[in-house]
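Q: After the sequence you'll find the predicted model.
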Amino acid sequence: MLTMLKNAILNLVKPSATINYPFTPIPSAKEARGALKIDGPLCIFCGLCSKACPAQAIQVSRADKHWEVDPYQCVNCGACVDVCPKKCLGFEEKYTAAAQKKSNVEFNG
Ligand code: SF4
Ligand code: SF4
């Protein structure tokens, strides 16, 4: 009985363990894998990311200086991020909202 009373009093003065979502936004984890992003000007169109992608989501054309990813095909494995020699690939730290229309993410050099 005394333990219960002690816990009840402590719970009245302790800060809340929950977040008032959606009014208080929930911070993303630092390692969260949101959408794939590219720092375009750094890309040398070597195509290593495309070769490493198990989902064949990335298309690279060195001749046209074109880089493109299909976000609906990407499984966010990170293989392309690991092999990129220019370290220009990474993940957004937050997840993107659901889309009504499919579109690829493209970059032209
Ligand atoms: S591996 Fe990096 S530098 Fe090479 S094409 Fe892909 S994004 Fe560009
Ligand atoms: S994160 Fe994985 S699946 Fe997505 S584009 Fe890169 S290699 Fe392909």
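A: Looks like it arrived, so ask away. Ligands and ions are numbered 1, 2, ... in the order given.
Q: For ligand 1, see how far away the residue nearest in space to the middle of the chain is.
A: The residue lying closest to the centre of the chain (C-alpha atoms, centre = their mean) is Gly34, at 1.7 Å. Separation of Gly34 from ligand 1 (C-beta to the nearest ligand atom, to the nearest Å) stands at 17 Å. All C-beta spots, glycine's among them, are computed from the backbone N, C-alpha and C.
Q: Model confidence at that residue, what's the number?
A: pLDDT, Gly34: 90.
Q: And Cys84, by the same measure?
A: The model's pLDDT for Cys84 equals 98.
Q: Thought Cys49 was touching it, still the case?
A: Yes. Look at Cys84 against Cys49 with C-beta atoms under 8 Å: they come within range, at 5.5 Å.
Q: Those two: which is more packed in?
A: Shown here are Cys84 and Cys49; by other C-beta atoms under 10 Å, Cys49 has more neighbours (26 against 20).
Q: Tell me which helix or strand that one sits in.
A: Using DSSP states H and E, Cys49 sits in helix 48-52.
Q: tell me which residues in the next helix or strand after that helix are buried?
A: With elements assigned by DSSP H and E, the helix or strand that comes after helix 48-52 is strand 58-61. Buried residues in strand 58-61, counting neighbours by 16 or more other C-beta atoms under 10 Å, are found at Ile58, Val60.
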